[in-house]
Structure formats: structure tokens, C-alpha cells
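[1] Only the shape, not the letters, is given here:
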């Protein structure tokens, strides 16, 4: 049996149900910004959905099915010579959401998210992504035949910025993304199955395509005109985590124009320590409580709405900020909290203050960090509060933080291997607001970590040093 999602504004039961099945809200972050708990839950979920029978690899479960579907339908997904049949970006966006939904359901864990692989900063064989704690072991255990090669050079940010200047969507999708290094290098540099039509069998496939999806999301913010369609095609083949395809049937098709904004699927992208949640209405379509987790700053604003009768939770290891435009309606249920152990899926110790609301109509905060600490009535959720501006930076960055109590405090800078490269503060500090200027000397451009250690715990913040 085949169904087609009705394109615009039709209150049709089948279409609403199908859209609900593919909905998988969450905050997507760069893999280096994931907490240890998030990473471990994701790796466990990959195993579970790959083969829930004998754990021998992607032979049966959703992974194998999706890889086979991608290979068998490759020409319907890739390298369209006309805009009439192009679905490349939309298909891969949907595939990642569908796998994430399958993972959430399989593990009964709504906090699971698939990250993106920012190969502009992580493009070496020695990067943590390929190590034992990340997806390195999948190579041998699943026979992925990776051949990571240094003969290929990944695009740099300037290449991405140049692609995003193209105003014609088909030209952007087909020639500046799919047919260019932005798409091809991630596949061919990794090698093995990743360079074949069955590339979804390698877990890094979804990391790579989420990076591409992030680039599309940024293009959308700049160029999309409300009411205009990107796609001529009104349906596309899809895989949604079930096994219908294995029975020889096509799955329900989806209009690619229905998902051109990742927020239509509840997906938000975080970057450089900030996740902005905006222009979204909580629907509880696939879960009774929508969960948004990010270890750094979560900022909800500008028409992020939790209607009456709906429920949402935001958890951070650092801070949650509600700015003008955020609305938790009377009768909604909303929890914002800082989780001290950074495992959002558990009932962990929660830093104070926290906010649990079921009645207030809105929350507004738009203050500097220095003054926010003095106002005990605000709803900034913080413990340690570690921020930096500017970030990314070139010459120097001001790092600021708030201590909830007097404490022995160290503030240090580390590279991604964990090696300390600078000690900015070390001593007893009083409760309240503090700041220090970090001026790197002799450091190469790249990603570094600021670590604030107090008697109450440890906070970290990613710093990006540009050329």
C-alpha cells in the first residue's frame, strides 16, 4: 500500500501520522561538543539498531536496511541532471532524522542525537573521531575497509561560504554541494564502504551528511523566501526505519518541500558553544516530552513556543537562557536545568537554581553576565557560567564566569588532546563575577578548550582561534 503526504495545509489523518513518525527533535552539535554520556549512548544505539540479534554488524536491523535502500535507489537520490528529479539534500536530511528516530525508540532514550562532523577542523587520521572511544572500532568489527588518505584535502570554511552565496537552489544543491568537494571528499577520504553506493553502512556517513545538512540549513536562513518552493518533485522515496523495504514495497513518499527547514522536523544546530532554539512550536508528536540537550549554552527565543498542554525539557551542563520571544504558555509543562554530571538521560544532581514551570506565560532575559548574577529573579540557569567573547577570535578573547560561592579556582586552556597550554587563574576567588583576557602566543589556529575547575565541579568551553 502506498500513501502520499498532502503538500500544503490539508488536515488529513494519514499525512499527519506519517510526519509524526519521522519527527525526531533535538539539538545537533559537532561531535567534539558531545558529552561523554551522549557519545556512549549514541555508540550503543548504533549497535542496537544495526543488529539486535547477535551484534555482528549491520546485517539485519535498520542500518543494513537503510544501506541497502540507499544502494538500490542510488540513481533516484543522487546526481540529478535536472531540477525536476533532484532530491539529494532532502533525502539525506530525512534519512538522518529517521535513523535518529529509530535510535530513540530502540533505546527508549529521547536524548539521543546524531552529531555532525566538521571536517574543516577535524580532518586528520589521528583525530578523536577515529579513536577507540568514537567510531574507530566499527571499521574492523563491521568490515568497513576504511582507507583514510591524506592525498585528498577537505574544503575550508571559505569554500563553504562561497557555495552559500549561490542564490539558485538547484545550482547550490547539485553543483556546489553534491558534485563538489563539500560532499565528495568526506566519502572518498574515508574510503572503503563509505566511498560506495552503500555508504550508510559506515556510521560516519550520517556525521558527514549532517555537516552537509547544516550547510543547507545556513543557506536556507539566508536565501529562502516564504511561499517559494525549492523542489519541483513533490515526492521522494524514503526509508523510515521499518522493514517494509525488505518486503519489496516502497515506503510512503514525502514531499521534499515539507522539510526544507530543519525546524520542521524539530532539529536545531549548535555551534561554537551556542544552540539557538527559535521559530518552533512544541507539538509532542513523537514523544510526550520534547527534549533538547547541549552541554554549553542553550538560548530559546523568537517564537519558540510551548503551547498549553504540551511539554518540553532543556538541559545543559552550563546554562539555559530564555530571551524575548520565548513562550511557555499557561498550562504547558517546561523544565530548564543545568545537569551537573552531564548525563541528560538520568535523574542526575541538578544545579541550582533551576526552573520548572506550568503556569507562567513567558520568560525574558537579556542582560550581560556581569549584571545577571545580581538579579536573583531572572531565569538564567547557571553553575560556574563560562563564556567567552569574541569566539571565534583572532588576537584575544575575554573569558568571563560567575562563581556561586567562594572557591579555590583554576582556569586553564587545553588543546584537543587534553594537554594544558596556558594557566590563566589559580587561587582562591570570591563569589560573583570574574573575567580574564586570553591572548594566545605561538598557537596555531584551531580548536582549544577553556576549563574552569572549582570546588563545585568543572565547566568547559570550546574556543576557536582563527588565522
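    That came through fine. Owing to the predicted nature of the structure, the values given are computational and were not obtained by experimental measurement.

[2] going forward, measure contacts and count neighbours with C-alpha atoms only.
    Fine.

[3] Quick one: distance of stretch 452-463 to the chain centre.
    In terms of Cα atoms, centre = their mean, to the nearest Å, the gap separating the centre of stretch 452-463 from the centre of its chain is 22 Å.

[4] If you could redo that for stretch 26-35, that was the one I meant.
    Distance of stretch 26-35 from the chain centroid (Cα atoms, centre = their mean) equals 5 Å.

[5] ditto for stretch 142-151
    Using Cα atoms, centre = their mean, the offset of stretch 142-151 from its chain centre is 25 Å.

[6] ok, now stretch 69-78?
    How far stretch 69-78 lies from its chain's middle: 25 Å, per Cα atoms, centre = their mean.

[7] now do the same end-to-end measure for it.
    13 Å (Cα to Cα, to the nearest Å).

[8] can you tell me the average pLDDT over that stretch?
    For stretch 69-78, mean pLDDT is 89.

[9] Next, the buried residues of that stretch.
    Residues of stretch 69-78 classed as buried: 69-71, 76-78 (neighbour count, 16 or more other Cα atoms under 10 Å).

[10] ok, residue 95 - how many residues close by?
    21 (other Cα atoms under 10 Å).

[11] ok, which stretches of the stretch 1-150 of the chain are helices?
    Ranges of helices within the stretch 1-150 of the chain are 13-22, 36-50, 62-72, 74-77, 88-107, 138-142, based on DSSP state H, counting those that start in this stretch.

[12] could you dump those to JSON lines with distance to residue 288?
    Below are the helices of the stretch 1-150 of the chain laid out as JSON lines (distance: least, Cα to Cα, whole Å):
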{"stretch": "helix 13-22", "distance to residue 288": "12"}
{"stretch": "helix 36-50", "distance to residue 288": "21"}
{"stretch": "helix 62-72", "distance to residue 288": "24"}
{"stretch": "helix 74-77", "distance to residue 288": "33"}
{"stretch": "helix 88-107", "distance to residue 288": "13"}
{"stretch": "helix 138-142", "distance to residue 288": "33"}
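
[13] Just the helices from the stretch 151-300 of the chain, written as ranges.
    Ranges of helices within the stretch 151-300 of the chain are 157-163, 169-170, 181-190, 204-223, based on DSSP H, counting those that start in this stretch.

[14] tilt between the third one and helix 204-223?
    Using axes from the mean of the first three to the mean of the last three Cα atoms, to 10 degrees, the interaxial angle of helix 181-190 with respect to helix 204-223 works out to 170 degrees.

[15] rewinding a little: for the helices of the stretch 151-300 of the chain, which one sits closest to residue 428?
    When these are compared for distance to residue 428 using Cα to Cα, the nearest one is helix 157-163, at 40.9 Å.

[16] Residue 448 reaches residue 418, doesn't it?
    No: at 9.2 Å, residue 448 does not count as touching residue 418 under the criterion of Cα atoms under 8 Å.

[17] Looking at the two, which is more packed in?
    When residue 448 and residue 418 are compared for neighbours, residue 448 comes out ahead with 21 against 10, by other Cα under 10 Å.

[18] Residue 336: what secondary structure?
    Under DSSP: H, G, I helix; E, B strand; the rest coil, residue 336 falls in the strand class.

[19] How many residues are close by it?
    Counted with other Cα under 10 Å, residue 336 comes out at 24.

[20] Equivalent analysis for residue 434, please.
    Other residues within reach of residue 434, judged by other Cα under 10 Å, total 15.

[21] That one contacts residue 402, doesn't it?
    Yes: contact between residue 434 and residue 402 holds when scored by Cα under 8 Å: they sit 6.2 Å apart.

[22] Which one, of the helices of the stretch 151-300 of the chain, ends up nearest to residue 25?
    helix 204-223 (14.1 Å).

[23] Now do that closest one: everything it contacts.
    For helix 204-223, the surrounding residues in contact (Cα atoms under 8 Å, 6 or more residues apart in numbering) are 89, 92-93, 96, 114-118, 135, 160, 164, 167, 177, 182-183, 186-187, 194, 199-200, 260-262, 269.

[24] Going by neighbour count, list what's buried in it.
    In helix 204-223, counting by 16+ other Cα under 10 Å, buried: 204-217, 219-220.

[25] how big is the angle separating that helix from helix 88-107?
    130 degrees.

[26] State the pLDDT value of the closest residue in space to residue 277 that isn't next to it in sequence.
    Distances taken as Cα to Cα, 6 or more residues apart in numbering place residue 300 nearest to residue 277, at 4.7 Å, with adjacent residues excluded. Residue 300 is assigned 91 on the pLDDT scale.

[27] Which strand residues bridge residue 300?
    Beta-bridge partners recorded for residue 300 (DSSP bridges): residue 277, residue 322.

[28] what's it in contact with, if anything?
    Taking Cα under 8 Å, 6+ apart as the test, what residue 300 contacts is 276-278, 320-323, 326.

[29] on that earlier part again, residue 425 is nearest to which of the helices of the stretch 151-300 of the chain?
    Comparison of those against residue 425 by Cα to Cα identifies helix 157-163 as nearest, at 32.9 Å.

[30] contacts for that closest one?
    Counting by Cα under 8 Å, 6+ apart, 120, 172, 176-177, 182, 215 sit against helix 157-163.

[31] Which of those residues are buried? Put it as a ChimeraX command.
    If you want just the buried ones from the contacts of helix 157-163 in ChimeraX, going by 16+ other Cα under 10 Å, the selection is:
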select :172,176,177,182,215
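
[32] Save the contacts of helix 157-163 as TSV, and put in distance to residue 392 too.
    Converted to TSV, those look like this (distance: Cα to Cα, whole Å):
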residue	distance to residue 392
120	14
172	26
176	26
177	25
182	22
215	18
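
[33] which one in the contacts of helix 157-163 is the model shakiest on?
    Among those, residue 120 has the weakest pLDDT, 94.

[34] In space, what's closest to that residue - neighbours in sequence excluded?
    Spatially, and ignoring its direct neighbours in sequence, residue 120 is nearest to residue 156 (5.3 Å; Cα to Cα, 6+ apart).

[35] how close does that neighbour get to residue 388?
    According to Cα to Cα, residue 156 and residue 388 sit 24 Å apart.
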